[in-house]
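S.K.: Structure here, sequence nowhere to be found:
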């Protein structure tokens, strides 16, 4: 899938002129640093949305969780893990200082669900704004497709709930004692979060704030390219970018898919193909800078965990 993304990116750049895009990006200069910095509030708000889901009496501090969030985003953006490997990494790294792996795993799963629910609403709002202001039939088709996907997922979850999947999992864990401890602990962790409805609602609200902050980030990127955007335009572009990432989830960073989305609807937003590609590549630059930082933080975080295990094994020996 990575090869397909790289090939698609190369085709788009070749067909729309690398030179023109490079010239636009070269005019950004120091303002590129502002584009990178504009994403940090997005990450911070999403981190708060995750923190409220952790056990109230054992929640790690925001600086530690913020670091893990950066690591998660880096893994999903730069490594071939289909946008899910970062969740596994942050769950494992968070399982320390009294938190069990079951608790951190459950919090990450619910965090993803809360963020996805917020993303669906954010994208629908951005599409509604686009359809009301741009009158482009392609936007209406995208909105209907998204609603169909959401309805299908919601229906599947409802059927699973009515079929008693959770109860059957519990019965299964009781029959097979070899895995009963792990499955039982994870089920208990989910029940603990599920009983705190206020925290789940707060997580969703924080994620909604994060998606809104993403529109501000896009506004900064468009301003850096000299496009003189409005906040409404930035909202539409951010909704488009997030929709493209969902469509291309199997490709690391939705490589090539995001660029195609910008080109597909860029004309309706008043962007030339060169400007649309330059905007997408500026976003790629931000992902690369923060991604490298996240991978460095991951490298710096892992030895503490590995070192602790090594010391324990040595003591046992």
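M.R.: Thanks, I have the structure now. Small disclaimer: the values here were computed from a predicted structure and weren't measured.

S.K.: low-scoring pLDDT stretches of this structure, where are they?
M.R.: Scanning the chain for pLDDT under 70 picks out the ranges 1-27, 81-83, 135-184, 244, 246-261, 264-268, 302-317.

S.K.: show me the contacts for residue 216.
M.R.: Shown in contact with residue 216 (C-beta atoms under 8 Å, 6 or more residues apart in numbering): 38, 41, 231, 234. C-betas here are computed from N, CA, C, even on glycine.

S.K.: right, and the pair among those with maximum separation?
M.R.: Maximum pairwise distance among the contacts of residue 216 (C-beta to C-beta): 15.2 Å, between 41 and 231.

S.K.: Tell me which of the contacts of residue 216 fall in helices.
M.R.: If you go by DSSP state H, the contacts of residue 216 have 38, 41, 231, 234 in helices.

S.K.: re the thing from before, looking at residue 41 and residue 231, which one has more neighbours?
M.R.: The neighbour comparison of residue 41 against residue 231 (other C-beta atoms under 10 Å) goes to residue 41, with 15 against 11.

S.K.: Just give the nearest non-adjacent residue to that one, would you?
M.R.: residue 213 (4.9 Å; C-beta to C-beta, 6 or more residues apart in numbering).

S.K.: State whether that neighbour and residue 45 are indeed in contact, as I suppose.
M.R.: Yes - with contacts counted by C-beta atoms under 8 Å, residue 213 reaches residue 45, the gap being 5.7 Å.

S.K.: which stretches of the chain form helices?
M.R.: Assigned by DSSP H, the helices in the chain fall at 2-16, 18-26, 31-38, 40-51, 62-78, 85-94, 101-134, 137-162, 165-175, 177-194, 197-224, 231-247, 257-266, 273-316.

S.K.: quick one on the thing from earlier: any idea which of the contacts of residue 216 is closest to residue 221?
M.R.: Nearest to residue 221 among the contacts of residue 216, with distances taken as C-beta to C-beta, is residue 38, at 7.4 Å.

S.K.: Nearest to residue 286, out of the contacts of residue 216: which one, please.
M.R.: Here the nearest of the contacts of residue 216 to residue 286, counting by C-beta to C-beta, is residue 38; it sits at 8.1 Å.

S.K.: Tell me the backbone dihedrals of residue 228, please.
M.R.: In terms of degrees, to the nearest 10, the main-chain angles of residue 228 are phi 50, psi 60.
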